[in-house]
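Visitor: here is a sequence with its predicted model. Questions after.
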Amino acid sequence: MKKKNQHLGKYIAAHWQLYVMIALPIILLIIFSYVPLYGILLAFKDYKVTLGIWNSPWTSNHGLNNFIRFFNNYNFKECLRNTIVISLYSMVVSMPCSIILALSLNYAKNVKFKKTVQMVSYCPYFISTIVFVGIINLMFDNRVGVIGKFLFGHFGINVLGKASLFPSLYVWTGVWQGIGFGAIIYIAALSGVDMQQHEAAIIDGATLLQRIWYVDLPAIMPTAVIMMILNMGSILNIGYEKILAMQNQNNIAMSEVISTYSYKVSLVSTFPDYPYATAIGLFQSLVGLLLIIITNKVADKLTGNGFL
């Protein structure tokens, strides 16, 4: 045992630079990610500012009162439905669009055209959320917007004021903003495809679509599965910034999601309810973790590409 400890000590002394490099991110991770986790206790406490988190009394119902309040709230079903609909809609649409763009660019022979399309499709990703929502409002306004004025004048459709159109507006504008970034991930995966497989397929008389189906899609499947697992984990954690900026009194029936509701009861309310908002956030995180585990198990069984 002493010899092993001495050997380990000598090894650490000889490679101390590596341990310093590892120690810095671990320390930062502990300080900024794990230490603040004690705030989760708020979800189970009847928080009093004067007493602090640790000394505040536990809530009734064995500390689960804030969760029970949320589940019994009249907004719960509506928020949960809207969150799931928008998340699944976004995932079902955005992933295929990114894959199709990546495959199209992968077979583009004109290098200048390929680079131009990549740049044009990737640029919207860098537009800030508020500016992007401002562009959406200008485009779809039924009085001055190019698209909105046309739809309202010819079909009587008020895109910004019709609640049933909100999920489609949110998702497809999100595709417009993020399709370039998603395509880059799949283009990187396609760059690893062995060209000998394509050459063999061409010799065997395979068409372009057959090469895509039997060569390219299997090559990017592990990447697509990992992206799907990560997206499933965030199914209840839609970022509230864009939705909140797009929200108005006409579409609130379809635009109120868990994130915006939590934001309103914790920060915008006249009497902020931090324990209640923490319970909502913890509920989102636990469901997300459960979905990641389930999706990973299913993906591992079906394709063998799980990562946990």
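Guide: Noted; the coordinates are in hand. Note that the structure is predicted; figures quoted are calculated from it, not measured.

Visitor: domain assignment for the protein?
Guide: With domains defined by automatic domain parsing, the chain comprises 2-55, 75-302.

Visitor: mean pLDDT and distance to Asn61 added to those domains, as TSV?
Guide: No exception for glycine: its C-beta is placed from N, CA and C like everyone else's. Conversion of those to TSV gives the following (pLDDT from 0 to 100; distance: least, C-beta to C-beta, whole Å):
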stretch	mean pLDDT	distance to Asn61
domain 2-55	82	10
domain 75-302	88	12
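
Visitor: save those domains as CSV, and put in distance to Asn66 and mean neighbour count too.
Guide: Below are these laid out as CSV (distance: least, C-beta to C-beta, whole Å; neighbours: other C-beta atoms under 10 Å):
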stretch, distance to Asn66, mean neighbour count
domain 2-55, 6, 11
domain 75-302, 4, 16
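
Visitor: got CSV for those, with distance to Asn65 too?
Guide: Shown next, in CSV, are those (distance: least, C-beta to C-beta, whole Å):
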stretch, distance to Asn65
domain 2-55, 8
domain 75-302, 9
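
Visitor: out of those domains, nearest to Arg69?
Guide: Ranking these by their distance to Arg69 (criterion: C-beta to C-beta) puts domain 75-302 first, at 6.4 Å.

Visitor: quick one: distance of that closest one to the chain centre.
Guide: Here the centre of domain 75-302 is set off from its chain's centre by 8 Å, with C-alpha atoms, centre = their mean, to the nearest Å.

Visitor: give me the phi and psi for Ile58.
Guide: Actually, residue 58 is Trp rather than Ile. Main-chain dihedrals, Trp58, degrees, to the nearest 10: phi -70, psi 150.

Visitor: check Lys45 too.
Guide: Dihedral angles for Lys45 - degrees, to the nearest 10 - are phi -110, psi 150.

Visitor: may I ask which helix or strand encompasses Thr278?
Guide: Per DSSP states H and E, Thr278 falls inside helix 274-302.

Visitor: and the nearest residue to Pro57 once chain neighbours are set aside, how far is that from Phe271?
Guide: Excluding the flanking residues, the one nearest Pro57 by C-beta to C-beta, 6 or more residues apart in numbering is Asp46, at 5.0 Å. In this structure, Asp46 and Phe271 are 14 Å apart, going by C-beta to C-beta, to the nearest Å.

Visitor: Ala43 too?
Guide: Distance from Ala43 to Phe271, by C-beta to C-beta: 18 Å.

Visitor: please apply the same query to Leu51.
Guide: Taken as C-beta to C-beta, the span from Leu51 to Phe271 is 17 Å.

Visitor: Ile99 now?
Guide: In terms of C-beta to C-beta, Ile99 sits 47 Å off from Phe271.

Visitor: one more: Phe150?
Guide: Taken as C-beta to C-beta, the span from Phe150 to Phe271 is 45 Å.

Visitor: then Leu151?
Guide: In terms of C-beta to C-beta, Leu151 sits 41 Å off from Phe271.

Visitor: cool, Leu230 as well?
Guide: 36 Å.

Visitor: make sure Ile229 is actually in contact with Ala299.
Guide: Yes - using C-beta atoms under 8 Å, Ile229 makes contact with Ala299 at a distance of 6.2 Å.

Visitor: dump the helix or strand hosting Leu138 to CSV, keeping only the CA atoms.
Guide: In this structure, Leu138 sits in helix 129-140 according to DSSP H and E. Extracted in CSV, the C-alpha atoms of helix 129-140 (Å, rounded to 0.1, in the frame of the first residue of the first chain):
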residue,chain,number,x,y,z
THR,A,129,-33.8,37.6,-29.1
ILE,A,130,-35.4,41.0,-28.7
VAL,A,131,-34.2,42.3,-32.1
PHE,A,132,-35.4,39.1,-33.7
VAL,A,133,-38.9,39.4,-32.2
GLY,A,134,-38.9,43.0,-33.4
ILE,A,135,-38.2,41.8,-36.9
ILE,A,136,-41.0,39.2,-36.6
ASN,A,137,-43.5,41.9,-35.4
LEU,A,138,-42.6,44.2,-38.3
MET,A,139,-42.9,41.4,-40.8
PHE,A,140,-46.3,40.0,-39.6
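
Visitor: good, we can wrap up now.
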